[in-house]
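**Q** Just the structure for this:
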Amino acid sequence: MTSLAITAGPFRFLGVLNELQCPRTCAAVRAALPFDGSVIHVRWSGEAVWAPLGDLDFGVPYEDPTSYPAPGQFLLFPGGEGRISETEILLAYGPCRFASKAGQLAGNPFASIVSGLDKLAELGPMTLQKGAQSLKMELIEDA
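**A** Reported below is the predicted structural model:
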């Protein structure tokens, strides 16, 4: 199991890659780490924040995609040519149905927060009220 150190805004979380569920997506995400960006509040999806990644191509297909991530679950929308929305990472903090202005989307559930879930309830409203928050994800090397 691969662990992640995640910082979102002022909050720190421990996460794990869902390598059995989404092996190709997790391999592509691992290759892109460390990630240093920002999240903004979603517009159509409910209680979630997202990191828009434009036309960044992870080169992965859909893997066990879902439109209904659980709180603390990260989705990767692969984007790419012919897709209806840009590449993005979504992090649910409450009830969520992943969507865009074009309608419902589905993303690959590549990681889950396993420690610090109680802070997600603060991150979401903070992002909505105060604007973009930093998002950093990096591998925690096995001991």
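**Q** three-state assignment of C26?
**A** Taken by DSSP: H, G, I helix; E, B strand; the rest coil, the conformation at C26 corresponds to helix.
**Q** ok, now which ones touch it?
**A** 2, 17-19, 110-111 (Cβ atoms under 8 Å, 6 or more residues apart in numbering). For every residue, glycine as well, the C-beta is placed using N, CA and C.
**Q** State the pair within those residues that is farthest apart.
**A** The span of the contacts of C26, defined through Cβ to Cβ, is set by T2 and F110 at 10.6 Å.
**Q** what do the two both touch?
**A** Shared contacts of T2 and F110 (Cβ under 8 Å, 6+ apart): 17, 26.
**Q** Out of the contacts of C26, name the ones that lie in strands.
**A** Cross-referencing the contacts of C26 against strands under DSSP state E gives 17, 110-111.
**Q** Which one of those residues is nearest to T25?
**A** Minimum separation from T25 among the ones in strands among the contacts of C26 (Cβ to Cβ) is found for F110, which lies at 4.6 Å.
**Q** Relative to L4, how far out is the closest one?
**A** Going from F110 to L4 by Cβ to Cβ, to the nearest Å gives 10 Å.
**Q** So those two - more neighbours on which side?
**A** Between F110 and L4, counted using other Cβ atoms under 10 Å, F110 has the larger neighbour count: 28 against 24.
**Q** pLDDT weak spots in the protein?
**A** In the prediction, the chain carries residues with pLDDT under 70 at positions 80-83, 142-143.
**Q** A70: neighbour count?
**A** Counted with other Cβ under 10 Å, the burial measure for A70 works out to 14 neighbours.
**Q** Wait, it touches A92, no?
**A** Yes - with contacts defined as Cβ atoms under 8 Å, A70 counts as touching A92 at a distance of 6.4 Å.
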